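Colleague: Need coordinates for the below:
(2 chains)
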Amino acid sequence: MIKALRGMKDLTFEESERFVHIVTTATTIAKRYGYSYIETPILEETKLFKRSVGESSDIVGKEMYQFEDKGGNDVCMRPEGTAGVVRSFVQAKLDRRQNEKFKFYYYGPMFRYERPQKGRLREFHQFGCESFGEASVYEDFTIIQMIGDIFKALGIGYKLKINSLGCPECMPPYRQNLVEFLTECKDELCEDCNRRIETNPIRVLDCKNEKCQSLLVNSPKLIKNLCSSCDDDFAKLERLLKSENIEYELDTNLVRGLDYYSKTAFEFVSNEIGSQSAIAGGGRYDRLVEFLDGKSTPAVGFALGIERIMELVKMPEVKRSGYYLGAMDEEAIDSLFPLASKKRDTEKVTVEYAPKKLKAHLKNADRVNARYCAVIGEDEFKDRTIWIKDLVEKKEVVVAWEEL
RNA sequence: GUAGGCGUAGUUCAGUUGGUAGAGCACCUGUUUGUGGCACAGGGUGUCGCGGGUUCGAGCCCCGUCGCCUACCCCA
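Modeller: Numbering: from 1, shown residues only, chains lettered A, B, ... in the order given. The predicted model follows:
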């Protein structure tokens, strides 16, 4: 038997229903916030991700589905959504249209070659939004609010963590500071952290190693070393969240795993889905458009993990709906089709092609969760009528074919 | 890449010191030849992951292998 590849899943029945429910809910809300749909390719040039996500990140460093295509191009299955959207934004020269704002939402599969576990697949799906051209922190707030709306509509609980990663003004001096601090205690830090001091010292902050964390308690905090512009914006963000009663906690160690973030960074987490607890994450990436050869354009965005959210949503109970059509004798089967065709203008219709006893039809109707079980028996066929039972109200009627 | 756990019916799982393969749910048939869910009676639907080995005999013991799950790591 051929099975799906490791870390790749089929979704059917209630699972696929839940998947669609999440996408539709998120889409509806994103549209209310002025976002329009963007579809970008799954396959992109490897360079795109190296330059956006960053070569120091694990995603690019060791988790990409990377290969040479038949034309000899070095390509990757996208490991995340933002890079492709920004590439598309620049390619369409939307970056030249200064003072205009562009808001896009997307959803689709992402690929990372990791060891699968709970909440972590090799092919997984994200829903995300990217807002271009808006430098105001009000936009950061609005995006957080929108995610809150989505989770509220889906009926799931979460905790919001926020942090500021600073800007080109304040990040480099802080980084220098941090490197000095880390170098002093490097003997006690774990192997990974020692490597990160060179490659990406900020990543040391969210090391999961307990010993490292205990040493980091006294590390310099970026949040205390922001430039005045970043500091003002972060204060404003906190004020806005408070005034809208959006609960959050400051997490000074929150560092997004992708290199392109600056200023506002946030993460929505759940404690109900195992160790892979991040259900949404995002932040500001004012410099990414430039990195990808566009004109400097402020931007902010987020992505949410659909499979992780699927573990949290409860679907509304499915009610009986539509018609089940069947016949008790072979000669009556043909007459079902005009009736089905007519009913399908407005209703879900299931047709049984084999003649069966009434009891079997009722059972089938039950099984497909139909509201009405409609059967043509011997008498009905003679009279050109059909017997209909409402499976909820338990009422029965016989009507002429024309009246169905 | 590392560590632990698990692979037996459609599904969830039991299976004793090695001795003819089991249960609940689901499914099918009937009680009811035109009335679903409920009840009752009956029905097992299986390459015990795969390949070797030990043994008179292996679901069980040994070796190997594949797969799944969880955690580290990473992140949505």
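Colleague: what does stretch A:341-357 contact?
Modeller: The contact list for stretch A:341-357, computed with C-beta atoms under 8 Å, 6 or more residues apart in numbering, reads A:321-330, A:332-333, A:336-337, A:340, A:361, A:364-365, A:368, A:370, A:404. C-beta here means a position set from N, CA and C on the backbone, and glycine is covered the same way.
Colleague: Please list the members of those that lie in helices.
Modeller: When DSSP state H defines the helices, the subset of these inside them is A:336, A:337, A:340, A:361, A:364, A:365.
Colleague: Surely the last one touches residue A:325?
Modeller: No: taking C-beta atoms under 8 Å as the contact criterion, residue A:365 and residue A:325 are not neighbours in contact, 9.1 Å apart.
Colleague: What does residue A:153 show for phi and psi?
Modeller: For residue A:153, the backbone dihedrals (degrees, to the nearest 10) come out as phi -60, psi -30.
Colleague: do you know how far the closest residue to it other than its chain neighbours is from residue A:306?
Modeller: Nearest in space to residue A:153, with sequence neighbours left out and distances taken as C-beta to C-beta, 6 or more residues apart in numbering, is residue A:25 at 5.0 Å. For residue A:25, the distance to residue A:306 (C-beta to C-beta, to the nearest Å) stands at 11 Å.
Colleague: Which of those two has more residues huddled nearby?
Modeller: Higher neighbour count among residue A:25 and residue A:306: residue A:306, with 24 against 20, using other C-beta atoms under 10 Å.
Colleague: pLDDT weak spots in the stretch 301-404 of chain A?
Modeller: The stretch 301-404 of chain A contains no residues with pLDDT under 70.
Colleague: what are the ranges of the strands in it?
Modeller: For the stretch 301-404 of chain A, the strands defined by DSSP state E, counting those that start in this stretch occupy A:323-327, A:349-351, A:372-376, A:385-390, A:396-400.
Colleague: RNA strand B: which of the ones you listed is closest?
Modeller: Smallest distance to RNA strand B across those (C-beta to the nearest atom of the strand): 3.6 Å, for strand A:385-390.
Colleague: Tell me the buried residues in that closest one?
Modeller: A:385, A:386, A:387, A:388, A:389 (16 or more other C-beta atoms under 10 Å).
Colleague: same deal with stretch A:231-246?
Modeller: Buried positions in stretch A:231-246, judged by neighbour count with 16+ other C-beta under 10 Å: A:231, A:233, A:234, A:237, A:240, A:241.
Colleague: need these in a markdown table with distance to RNA strand B, secondary structure and pLDDT, can you?
Modeller: Output for those, formatted as a markdown table (distance: C-beta to the nearest atom of the strand, whole Å; DSSP: H, G, I helix; E, B strand; the rest coil; pLDDT from 0 to 100):
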| residue | distance to RNA strand B | secondary structure | pLDDT |
| --- | --- | --- | --- |
| A:231 | 24 | helix | 95 |
| A:233 | 21 | helix | 96 |
| A:234 | 19 | helix | 96 |
| A:237 | 18 | helix | 97 |
| A:240 | 21 | helix | 97 |
| A:241 | 18 | helix | 97 |
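Colleague: Now the two most distant members of the residues you listed.
Modeller: Greatest spacing in the buried residues of stretch A:231-246, by C-beta to C-beta: A:231 and A:241 (16.0 Å).
Colleague: Say whether RNA strand B is contacted by stretch A:285-303.
Modeller: Yes: contact of stretch A:285-303 with RNA strand B is found when judged by C-beta under 7 Å from any atom of the strand, involving residue A:303.
Colleague: The helix or strand containing the residue nearest to residue A:153 close to RNA strand B?
Modeller: Taking DSSP states H and E as the definition, one finds residue A:25 inside helix A:13-32. No: using C-beta under 7 Å from any atom of the strand, helix A:13-32 never reaches RNA strand B; the gap is at least 12.0 Å.
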